[in-house]
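S.K.: Task: produce atomic coordinates for the following.
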Amino acid sequence: MTVQWMRRHSGKKSWKADACRWLVSGRNVCMILSLFALLCGSGLSVSQAQEAPVAQLLPSTEAASGTDAAEQSGDQQATGTITGTVEDSLGAVAAGATVRLTSEAQPAGQEVQSGDNGQFSFAHIPSGPFHLQITSTGFVSQEVSGLLRPGEFYIVPRIMLAVSGGASEMRVNLSPVDVAQEQIKEQEKQRVFGIIPNFYVTYDPNPAPLNARQKFHLAWKSTTDPVTFLGVGFLAGLEQAGDDFSGYGQGFQGYMKRYEAGYVDVSVGTFIGSAVLPSLLKQDPRYFYRGTGSTRSRIGYGLANGIMCKGDNKHWQPNYSVIAGAFATGGISYLYYPPSDRGLGLLVQNSLIRVAESSIAGIFQEFVIRRFTTRAPHLRAPDHD
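M.R.: Model prediction:
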């Protein structure tokens, strides 16, 4: 209601249009469908939502009521999961390859066969150094070594088996950049209801930090997704029907001006807030799914998403990227919006609302969206910094 009142009294543009414009952004387009799921009774129950008011906003602070849950998950945090994909030299999946895992805690090792999709997985593996040996008839064996941390979901970079012709290959101590690249590939498969991109969420409790190139890649992937174009087109239609931004006029030309302005909003907002500023400020633009703890602590964690984030050093810090990005995006929009829809007061108001919307998005990510996201990995205990 507060947002509606502010929009209604701004006298500049429809609050509904601005809300829709934000929802079709590469990072938040899934929220509208998640809200629909809630209304259908599939989301967070009323009893959960009313359990307790928000008592904390800092992700690093645990509510007292969450202590028992943390203790119960202690055993899970002492182990982790190792998964990966085996392919041949042509990029086709290699089914039936033997993957043998050995570690200091399990010197006898254990073996699995890669499935029809070439994937393999080892669950409940004690943390520490590990070694994988991958063999398949007619191919050169591969060996991979790495370090599994407590509670980590370790994704091994794609394993390519060359046609047999001599010695084995050895890949040791994979770089954080390689690990982050594989994790991004998994994130790009995450879609709400199998359709709407949900790229800016990591369900890995200990993800590798992204470098600048990877942050820009994720922004590009998000803004060029077909669903983003369709969402902007739908928004432009709503604005046309309501005669929002009347300076653009009506007819096909008016629609295209609204469409262009909407897409520029999405692109500029995503690149500035999720690529440019995070690269300069060494901050991670992703939402780090928590999934455990009391309802109160998870609500506080989600709300803090608008003002707190993880840095590339994996420590929590003020989310300058979102805050400064909201004001920068609003300022740039002055270049292409009709003069009648501009104003300093509206700029400040809308920027603050965008920051608040990021917090609301955290609540949806924490309680709702994962349930409808395809290719989301199984719930794992997070690593609290």
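
S.K.: Gly302 versus the residue lying closest to Val201 once chain neighbours are set aside, what's the distance?
M.R.: Leaving aside its chain neighbours, Val201 sits nearest to Tyr287 (4.7 Å; criterion: Cβ to Cβ, 6 or more residues apart in numbering). Bear in mind the C-beta positions are built from the backbone N, C-alpha and C, glycine included. Separation of Tyr287 from Gly302 (Cβ to Cβ, to the nearest Å): 9 Å.

S.K.: what do those two both touch?
M.R.: 362, 365 (Cβ atoms under 8 Å, 6 or more residues apart in numbering).

S.K.: Extract the CA atoms of the biggest strand by length in the chain and return them as PDB.
M.R.: In the chain, assigned by DSSP state E, the strand with the most residues is strand 79-88. The C-alpha trace of strand 79-88 is given here as PDB (Å, rounded to 0.1, in the frame of the first residue of the first chain):
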ATOM      1  CA  THR A  79      30.300 -33.500   4.400                       C
ATOM      2  CA  GLY A  80      29.600 -32.300   0.900                       C
ATOM      3  CA  THR A  81      28.700 -33.500  -2.600                       C
ATOM      4  CA  ILE A  82      30.800 -33.900  -5.700                       C
ATOM      5  CA  THR A  83      29.200 -33.900  -9.100                       C
ATOM      6  CA  GLY A  84      30.200 -33.500 -12.700                       C
ATOM      7  CA  THR A  85      29.700 -34.500 -16.400                       C
ATOM      8  CA  VAL A  86      31.800 -36.800 -18.600                       C
ATOM      9  CA  GLU A  87      32.000 -36.200 -22.300                       C
ATOM     10  CA  ASP A  88      33.900 -37.500 -25.200                       C
END
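
S.K.: Which strands or helices does it pack on?
M.R.: strand 98-103, strand 119-126, strand 128-135, strand 142-148, strand 153-155, strand 159-161 (3 or more Cβ pairs under 8 Å, 6 or more residues apart in numbering; DSSP states H and E).

S.K.: ok, now which ones touch the residue most central in space within the chain?
M.R.: For the chain, the residue nearest the mean C-alpha position is Val201 (1.5 Å; Cα atoms, centre = their mean). Residues counted as contacts of Val201 (Cβ under 8 Å, 6+ apart) are 187, 190, 286-287, 289, 365, 369-370, 373.

S.K.: Throw those residues into TSV and include neighbour count, distance to Ile353 and pLDDT, thanks.
M.R.: Formatted as TSV, those follow (neighbours: other Cβ atoms under 10 Å; distance: Cβ to Cβ, whole Å; pLDDT from 0 to 100):
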residue	neighbour count	distance to Ile353	pLDDT
Gln187	22	27	89
Gln190	23	26	91
Arg286	24	22	94
Tyr287	23	19	93
Tyr289	25	24	92
Gln365	25	18	91
Ile369	25	21	91
Arg370	20	25	87
Thr373	24	26	87
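
S.K.: closest to Leu238 among these?
M.R.: Set against Leu238, the nearest of the contacts of Val201 by Cβ to Cβ is Ile369 (22.9 Å).

S.K.: all strands for the stretch 201-350 of the chain, in order.
M.R.: Counting by DSSP state E, counting those that start in this stretch, the stretch 201-350 of the chain has these strands, from start to end: 201-202, 287-288, 308-310, 316-318.

S.K.: Check which helices and strands the last one sits against.
M.R.: Right, the one you point to is strand 316-318. Taking 3+ Cβ pairs under 8 Å, 6+ apart as contact, the helices and strands that strand 316-318 lies on are strand 308-310.

S.K.: Give the rounded mean pLDDT of the longest strand of the chain.
M.R.: The predicted model assigns strand 79-88 a mean pLDDT of 89.

S.K.: What of stretch 257-266?
M.R.: pLDDT averaged over stretch 257-266 gives 89.

S.K.: about what we covered before: what separation do you get for the residue nearest to Val201 and Ile196?
M.R.: Taken as Cβ to Cβ, the span from Tyr287 to Ile196 is 15 Å.

S.K.: just to revisit the earlier point, Val268: which of the helices and strands packed on strand 79-88 is closest?
M.R.: Counting by Cβ to Cβ, Val268 lies closest to strand 153-155 out of these; the figure is 31.5 Å.
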